[in-house]
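> mind looking at a prediction? Sequence and model below.
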Amino acid sequence: MTDRLTARLAALMTDTGAGWSMGSFGAIAEFHHVAGDPPPRPLEGCGIVTERGGVRLDDLADLTPIAWEALSPRPHRWQQGVALCLPQGRLGTARRQVLTELGPDAGALRDQDRGAVLFDLGLDQPQVDFCIRSGDPALVARLRAECGRSVLDPESRAMAAILPAHPHRVALTRIGRIEVWQKIGGPDTGGVSPIGPHTHILPPLLRSRRTHSANMPIPPGLVPVAGLHPASPVMDSLGQDRDFDAAAFASFQAMLADWGDAGRNTLKDRAWAALKAGNPPAALAEPGDRHGRAALRIALRQRA
């Protein structure tokens, strides 16, 4: 199972329509391809790098992929993805609560980054150690002076040093890492995240202590540590509407068949069959659970 899963995920690495993420509910690193960029460079094993960032999967033992769909606020869309999950007790993070120097980043995706110093921001997240990395002596010295204190402490000067310096961000999970080398979204980027790889740290979401959005139907006992975001059939990588892509739709429905919830898949199949037979949507019985009701509404949108 692990070898087959590794091979399948490795093949998706070079799919320029697919993105990846690692992190928690409030601290996340995202890797996306950018149209027109040079092709990604494959890494040994299961990983790639571009000029903007990279992703690598190292240890897929105990991993369970959960393919999911969710409603979008826009009535002609839906969301989709594959949550790469580990059992609750096997997440493997350090859960540091204060800024901590970890030393040179020997596991960096590129050789030239392995001498730079890695700092855990101390966000105390169950599925990710969210870090920054720098080879700038001035920034390293300023961060060393702030070690031992939470970066979210109002008295901490760490974030004030990090934001204008734009160090690399490194999301470390038990199954691998994502690195982002682009600027941090903020005053230097016009207040928006750059296209392609980027990161978000959102203190209000961190304070909720959730491991994932309630819209993701993750079975009890599992925690998503990473995400695969296959190409959407109804919107492009920048979130803009596009003409329906039947190939992208079929590709994800195959993932849903392999890695999704069998009950919700059956519910969708029955809804499509009823609609094809001429039954009006109002004649379809509404499921009793939240995710079942969402699956029915998604089936209606997809049929349309």
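Cool, got the structure.

> all helices of the protein, in order?
Under the criterion DSSP state H, helices of the chain are mapped to 2-13, 137-146, 158-165, 203-206, 246-259, 262-276, 290-303.

> report the buried residues of stretch 262-276.
264-265, 267-268, 271, 274-275 (16 or more other Cβ atoms under 10 Å). The C-beta positions use only the backbone N, C-alpha and C, and glycine is treated the same way.

> reformat those as a markdown table; add pLDDT and distance to L284.
Below are these laid out as a markdown table (pLDDT from 0 to 100; distance: Cβ to Cβ, whole Å):
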| residue | pLDDT | distance to L284 |
| --- | --- | --- |
| R264 | 94 | 14 |
| N265 | 95 | 16 |
| L267 | 94 | 9 |
| K268 | 95 | 11 |
| A271 | 94 | 6 |
| A274 | 93 | 6 |
| L275 | 92 | 8 |
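
> from these, which is closest to R157?
For the buried residues of stretch 262-276, the residue nearest R157 by Cβ to Cβ is R264; the value is 48.4 Å.

> measure how buried the closest residue to that closest one other than its chain neighbours is and give me the count.
The shortest distance from R264 to any non-neighbouring residue, by Cβ to Cβ, 6 or more residues apart in numbering, is to A295 (4.1 Å). Other residues lying near A295 total 27 when counted by other Cβ atoms under 10 Å.

> I'd say A295 and E69 touch.
Yes. The criterion here is Cβ atoms under 8 Å, and A295 meets it with E69 at 7.0 Å.

> quick one on the thing from earlier: look up how far E155 lies from the residue nearest to R264.
48 Å (Cβ to Cβ, to the nearest Å).

> rewinding a little: which residues does the residue nearest to R264 contact?
Taking Cβ atoms under 8 Å, 6 or more residues apart in numbering, we find A295 in contact with 69, 264, 267-268, 287.

> what about A61, neighbour count?
A total of 10 residues lie near A61 under the criterion other Cβ under 10 Å.

> go on, Q182?
Look at Q182: counted by other Cβ under 10 Å, it has 20 neighbours.

> same question, S237
Here the number of neighbours of S237 (other Cβ under 10 Å) works out to 19.

> now the closest residue to it other than its chain neighbours: how far from P194?
Nearest residue to S237, sequence neighbours excluded (Cβ to Cβ, 6+ apart): H32, at 6.0 Å. As judged by Cβ to Cβ, H32 and P194 stand 10 Å apart.

> these two: who's more crowded?
A direct count of neighbours by other Cβ under 10 Å for H32 and P194 places H32 higher, at 20 against 16.

> and the pLDDT at the more buried one?
Per-residue pLDDT puts H32 at 95.

> shouldn't it be in contact with S193?
No. H32 is beyond contact range of S193, at 10.3 Å (criterion: Cβ under 8 Å).

> ok, for T16, nearest residue in space, not its chain neighbours?
Using Cβ to Cβ, 6+ apart and skipping residues adjacent in sequence, the residue nearest T16 is H33, 4.2 Å away.

> one more: W259?
Excluding the flanking residues, the one nearest W259 by Cβ to Cβ, 6+ apart is A67, at 3.9 Å.

> hmm, back to that, what number of residues lie near the residue nearest to T16?
Neighbours of H33 under the rule other Cβ under 10 Å: 23.

> again with P40
Close neighbours of P40, defined as other Cβ under 10 Å, add up to 19.

> next, the contact list for it, please.
Neighbours of P40 in contact, by Cβ under 8 Å, 6+ apart: 13-14, 33, 48-50, 54.
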